[in-house]
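J.: Here is my input, please return the structure:
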Amino acid sequence: ARLSRVARKEGGARRECVFKIFAAMSVALGKAAAAGLLPQMVAPVHRALETDQAEPEEARKAMAQELLEMLQGLVGHRTFYASYNKCRDRQRERRIKRKAERDLIKVADPKLNAELKIRKQHKKRALAKRKAEEVQRSRGGLKKARRAGQVGSANDISLES
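T.: Numbers count the residues shown, from 1 in each chain. I've put the predicted structure just below:
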């Protein structure tokens, strides 16, 4: 169960290692023991396959797909898909429950909803600033804008010759 929690969180190298451990463990333990551990192994693999990540995740998705195929071959089609569908349904129900809670907050407590929206906008703005700074640094360094009245600004330079 601990490895399952480690693999659930974002972190490609960790997830990849856990998938390798799951594969080796299921082959070493055999059909009966692997069938008992199937729900814990299927949950992070399902999450890895369902994410909409970009290019770097493609290799891990391929590894997750190979692990699913290997588990299916090991424990059998019917047992595997019963566990896989249960996992998928449980995740879908959780998603729906979280959405219902958010919708309930919108109706029940408008002040809290407004506060949450403001926090979300602040986070968005901070993220945009951080991304802009990263782009500036990657293009040759971050340069601070000069303001009027500061040393070296256009207003500071006198035209007395």
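J.: could you pull out the helices for the chain?
T.: 2-8, 12-29, 31-50, 57-75, 77-108, 110-138 (DSSP state H).
J.: Mind putting the ones you listed into CSV with mean pLDDT and mean neighbour count?
T.: Placement of C-beta: from N, CA and C, glycine included. Shown next, in CSV, are the helices of the chain (pLDDT from 0 to 100; neighbours: other Cβ atoms under 10 Å):
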stretch, mean pLDDT, mean neighbour count
helix 2-8, 65, 15
helix 12-29, 84, 15
helix 31-50, 84, 18
helix 57-75, 85, 16
helix 77-108, 92, 12
helix 110-138, 93, 10
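J.: what does stretch 113-120 rub up against?
T.: 105-106 (Cβ atoms under 8 Å, 6 or more residues apart in numbering).
J.: Could you list the alpha-carbon positions for that stretch in PDB?
T.: Extracted in PDB, the C-alpha atoms of stretch 113-120 (Å, rounded to 0.1, in the frame of the first residue of the first chain):
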ATOM      1  CA  ASN A 113     -16.800  31.200  -2.700                       C
ATOM      2  CA  ALA A 114     -15.700  34.800  -3.500                       C
ATOM      3  CA  GLU A 115     -12.700  34.400  -1.200                       C
ATOM      4  CA  LEU A 116     -11.700  31.200  -2.900                       C
ATOM      5  CA  LYS A 117     -12.000  32.800  -6.300                       C
ATOM      6  CA  ILE A 118      -9.800  35.700  -5.200                       C
ATOM      7  CA  ARG A 119      -7.200  33.300  -3.800                       C
ATOM      8  CA  LYS A 120      -7.200  31.400  -7.100                       C
END
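J.: now that stretch, how far from the centre of its chain.
T.: Centre-to-centre, stretch 113-120 and its host chain are 22 Å apart (Cα atoms, centre = their mean, to the nearest Å).
J.: try stretch 98-111
T.: The answer for stretch 98-111 is 24 Å, by Cα atoms, centre = their mean.
J.: What are the contacting residues of it?
T.: Outside stretch 98-111, the residues touching it (Cβ under 8 Å, 6+ apart) are 112-113, 116.
J.: export these to JSON lines and tack on distance to residue 105?
T.: Formatted as JSON lines, the contacts of stretch 98-111 follow (distance: Cβ to Cβ, whole Å):
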{"residue": "112", "distance to residue 105": "6"}
{"residue": "113", "distance to residue 105": "6"}
{"residue": "116", "distance to residue 105": "7"}
